[in-house]
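Enquirer: prediction below, plus the sequence it came from.
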Amino acid sequence: MLSEFALYSDRLFMAAVCVYVLAMVLHGAEYAVQRSAKAVLVGAGGPALDAEPDEPRPGVPATRSRSERFGRMGVALVVLGAVLQAASIVTRGLAAQRWPLGNMYEFTSAICLAAIVAWLVVLRRSPASRPVGLFVLLPVVILLFLGGTVLYAPAAPVMPALQSYWLVVHVTTVSIASGLLMVPGVASLLFLLRRSGRLGGLADKLPSADALDRLAYRITIVAFPLYTFAIMAGAIWAEAAWGRFWGWDPKETVAFVAWVIYAAYLHARATAGWRNGPAAWVNVAGFAAVIFNLFFINMVVSGLHSYAGLG
Amino acid sequence: MAASTELATRPPEKGDSRPTNGRLAILRNAWRALTSMRTALILLFLLALAALPGALLPQRSLNQQLVDQYFTDHPTIAPLLSHLGFFDVFAAPWFAAIYLLLMVSLVGCVLPRTIEHAKGLRAAPVATPRNLARLPHHATATLDVPPEEAAERVRGRLRGWRKTETETENGTGRTISAEKGYLREVGNLLFHLSLIGLLVGFAAGKLYGYEGQVIVMSGGGQFCNTGILGYDSFQAGLRVDGTKLTPFCVQVNNFDATYEPDGQPESYRAALGYQTAEDLQTGRVNQWRPYELAVNHPLRLDGSRVYLLGNGYAPQFTVTFPNGQQRTGEIQWKPVDQGTMLSEGATKFEPPGVTNEQQRRSSQLAITGLLAPTSSRGTVVTSVFPALDDPEVAIDVYRGDLGLDDGRGQSIFEVDQGQIDSGQLKRVERTNLVPGQSVTLDDGTSVRFDSVQKWVSLQVSHDPGQDAVLVFAVLMLVGLGLSLSIRRRRFWARLIPTADGTRTVVEIGGLARTDRAGYGEEFDRIRVALLGSPHGADSSGADSSGVDSSGVDSSGVDSSGVDSRGEDLPGGDSGRDTSHSDSSPGDNSGADGSVTAAKDG
């Protein structure tokens, strides 16, 4: 029975990844369709084209462009993928008979799900930012691919040090916060790319630089307190498990570094001359630190947090 | 900074006040520079950067072996890095310099702001700007009620806001100024003040705390926290000299480890008895209070905590000397493979009853080798499972001078290789034994492998600062939540009666004092409640869309530049001059600076 759950979990995981990839393709089509339409307009200037505006205006849903239809299908698939992935995580927990956050594979999966859910919430409140979806899915799919291949570990119990309810508190919050922070990381990166003008035609479809910037800030101010709480919960757990609440273990140190970078981001947002470009760079650096902490520290540096489940 | 400190310590020259003023100005400017937001930002970046080598390079405080390995691998650069403190990052002077400067900068910012905010809490909301239409949120409508009723309506809607009312200049109407969200700055200050408290608690722990590790045999082994000598290793805080430790005793009655079939540990549990300081004082030394010590489940006693850190095996050997005398040795061997608990060590014996120094030194015995808790039973002993199911030892027996008397410290886990190399210690036997088996040496001495005992590694931690750290951490979190979730915003209404006095022209305006505040939606709700129509008769362009369609705040506060001076959490919300805010040098307009800007801008 338990091994069946493990099998279901793995299958659901694969299905979720496939659905996300498909969603990415559709989001890509959202851009491609629009650009080809433009090209035709410019090139031949003649053939009968749908006289649809390139920028679909909110409140005028009657005339949906092909581009928008692709985008909407993409979003629908993202929702499906999130459901499949959530089911994968739940069955993983049933298979291992513990909280499903015991190794790098499970942790990566949870982070990606948190990012996707955060993204869907953003999308619900602000449908106009839908084209950003492609760029949210990209890191998610890469992470999930790595999770399913390099980091994969079969469902199994965890070592005594991890048998604590603080695992639920600490690892859950840290993965949700990391997942949330992925969205601002992407948004700030797009903001910078957009401002630099390197996106070319893609930029037309994206929300304005200002909107991207605000999107990044809004999620960061939700994720940052959560991340702070997660670090504190980790410290409380460390006090019970390792004999001290803070010991500059490599993982703790980089978590501290990431926390300081995000603190700097919030301060930069309130400092003249730092508000836009530099602040966005700081936000990107913050997410880089989170990812660095997730992979490099667990896989390369040895420390107390080295229970990635990697043989 | 150095220059200004020097100036500060020099006594002012008498009679001439101008240079003193000049110096004061330099001092003041240096202080302002240190407490400015830009400096704080740079210090934050430096702090992040300086902490990184602590994660990337091996640290002495965490793992001395890895540092030694680094020295072997990088013989040229390691001494330089060591000299610069890169293997002790968190004790390095440059790291301390960064966080101390950051603390000074923080205090220099937060204290004035606390005073400022305390004053602001008592002050009335700022007067209504002359031209409300210039504010980012604005609407006008004529209501079919007399001014008194309109004013009552506004007051009712602004319940919970801090309000003040004044007559308009020409005396025909009245204005209501309101402000809300003072808790944002309270949260901001609470966060930063708690951060200082947390660091003080952290420092107290580093000064007055200690950690000690000790290995205790299962099956009745005891340990008492009476002094440093009882420990195998001890890390004292800077103000701890090892006296005045809180006395308590523990006795390890039994240790039990369970494993999954694949050898993965499932649980570690040590059945303890303990005696508190009070028990010891009152002489109840024969009673042991029971406790089950486990990973994640430390024993907490009088401000000290006892942790179960590790475990291992100790083989017991009995040596029967040719003269019939027996000596039994049982000392911990260390696990070399955590997966199978294959252990290695050295059990050392002195020949009994030998008074001749020379003879004694030539007949010391050492049993070294490997212990497999579950043996593979091959000729080469390996362990296949970590539990003590089928133990076997593969031992070398050495005889000669163990080198115990030359004054140098010696590892308890091995014999001195130098003694072997110099021929003073000779191997006289190599064999595999299971419990009960024995081997007879060339001189008739018999070595018997009796049994295996378990040992546990305990850690005693004492940190007098950690409760304070927890309290301040919780306060920080509360402050952070308040300062990031609450919006500071202002609202004004001007009520002018129409000529006949039966109707009232109501003009309202709103200004968010915080970055990306999302005030637009709330303002719209107020407008609908007060002025009725979902799209105000003359609503301003900035928020005419009504509900914020983009989901993110499009109130235009930022783009309009109205309230662009130090408004968010880490910044000043009042654009004050010295604090962590970024006001331009001439901006001393104080609490209503942003409003002035609104009127001018």
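Expert: On my side now, so go ahead. Numbers count the residues shown, from 1 in each chain, chains lettered A, B, ... in the order given.

Enquirer: what about the residue in the stretch 51-200 of chain A positioned nearest to chain B, neighbour count?
Expert: Minimum separation of the stretch 51-200 of chain A from chain B (C-beta to the nearest C-beta) falls at residue A:126, amounting to 2.6 Å. From N, CA and C alone the C-beta is placed, and that goes for glycine too. Neighbours of residue A:126 under the rule other C-beta atoms under 10 Å in any protein chain shown: 21.

Enquirer: could you verify my assumption that it touches residue A:215?
Expert: Yes: with contacts counted by C-beta atoms under 8 Å, residue A:126 reaches residue A:215, the gap being 7.3 Å.

Enquirer: just the pLDDT for the residue of the stretch 51-200 of chain A closest to chain B.
Expert: The per-residue pLDDT reported for residue A:126 equals 88.

Enquirer: ramachandran angles for it?
Expert: With angles defined as degrees, to the nearest 10, residue A:126 sits at phi -140, psi 80.

Enquirer: distance check, it against residue B:489.
Expert: Taking C-beta to C-beta, to the nearest Å as the measure, residue A:126 falls 21 Å from residue B:489.

Enquirer: ok, residue B:510 next?
Expert: Applying C-beta to C-beta, the value for residue B:510 to residue B:489 is 6 Å.

Enquirer: so where's the chain shaky on pLDDT?
Expert: Since you didn't name a chain, this refers to chain A. A:1, A:34-64, A:306-311 (pLDDT under 70).

Enquirer: correction: the question concerned chain B.
Expert: Residues of chain B meeting the criterion pLDDT under 70: B:1-20, B:515-518, B:533-601.

Enquirer: make it 50
Expert: Applying pLDDT under 50 to chain B picks out residues B:1-17, B:535-601.

Enquirer: strands of the stretch 301-450 of chain B, start to end?
Expert: Along the stretch 301-450 of chain B, counting by DSSP state E, counting those that start in this stretch, strands occupy B:304-320, B:326-330, B:334-337, B:342-349, B:364-372, B:374-375, B:383-385, B:392-400, B:425-433, B:438-440, B:446-462.

Enquirer: make TSV out of those and add mean neighbour count.
Expert: Below are the strands of the stretch 301-450 of chain B laid out as TSV (neighbours: other C-beta atoms under 10 Å in any protein chain shown):
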stretch	mean neighbour count
strand B:304-320	21
strand B:326-330	15
strand B:334-337	17
strand B:342-349	22
strand B:364-372	24
strand B:374-375	22
strand B:383-385	20
strand B:392-400	23
strand B:425-433	17
strand B:438-440	15
strand B:446-462	21
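
Enquirer: next, format those strands as TSV and append distance to residue A:279.
Expert: Converted to TSV, those look like this (distance: least, C-beta to C-beta, whole Å):
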stretch	distance to residue A:279
strand B:304-320	42
strand B:326-330	64
strand B:334-337	50
strand B:342-349	54
strand B:364-372	59
strand B:374-375	59
strand B:383-385	56
strand B:392-400	63
strand B:425-433	67
strand B:438-440	74
strand B:446-462	40
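
Enquirer: do you know which of the ones you listed lies nearest residue B:240?
Expert: With distances scored as C-beta to C-beta, the stretch of the strands of the stretch 301-450 of chain B nearest to residue B:240 is strand B:446-462 (8.4 Å).

Enquirer: rewinding a little: of the strands of the stretch 301-450 of chain B, which is nearest residue A:92?
Expert: Proximity to residue A:92 (C-beta to C-beta) singles out strand B:383-385 among the strands of the stretch 301-450 of chain B, at 27.5 Å.

Enquirer: other SSEs contacting the closest one?
Expert: Where contact means 3 or more C-beta pairs under 8 Å, 6 or more residues apart in numbering or on different chains; DSSP states H and E, strand B:383-385 is packed against strand B:374-375.

Enquirer: run the chain-centre distance for the strand it packs on.
Expert: Distance of strand B:374-375 from its chain centroid, counting by C-alpha atoms, centre = their mean, to the nearest Å, is 42 Å.

Enquirer: what number of residues lie near residue A:28?
Expert: By the criterion of other C-beta under 10 Å, residue A:28 has 15 neighbours.

Enquirer: give the contact list for it.
Expert: Neighbour list for residue A:28: residue A:134 [criterion: C-beta atoms under 8 Å, 6 or more residues apart in numbering or on different chains].

Enquirer: for it, which three-state class applies?
Expert: Secondary structure assignment for residue A:28 (DSSP: H, G, I helix; E, B strand; the rest coil): helix.

Enquirer: just checking, residue A:117 touches residue A:81?
Expert: No: contact criterion C-beta under 8 Å: residue A:117 and residue A:81 do not qualify, at 10.9 Å.

Enquirer: which SS class is the residue lying closest to residue B:88 once chain neighbours are set aside?
Expert: Leaving aside its sequence neighbours, residue B:88 sits nearest to residue B:60 (C-beta to C-beta, 6 or more residues apart in numbering or on different chains; 5.4 Å). Of the three states, residue B:60 takes coil under three-state DSSP.

Enquirer: got phi/psi on residue B:60?
Expert: Torsion angles, degrees, to the nearest 10, at residue B:60: phi -60, psi -40.

Enquirer: how far away is it from chain A?
Expert: Applying C-beta to the nearest C-beta, to the nearest Å, the value for residue B:60 to chain A is 11 Å.

Enquirer: hang on, the earlier thing: who's more crowded, residue B:510 and residue B:489?
Expert: A direct count of neighbours by other C-beta under 10 Å for residue B:510 and residue B:489 places residue B:510 higher, at 28 against 24.
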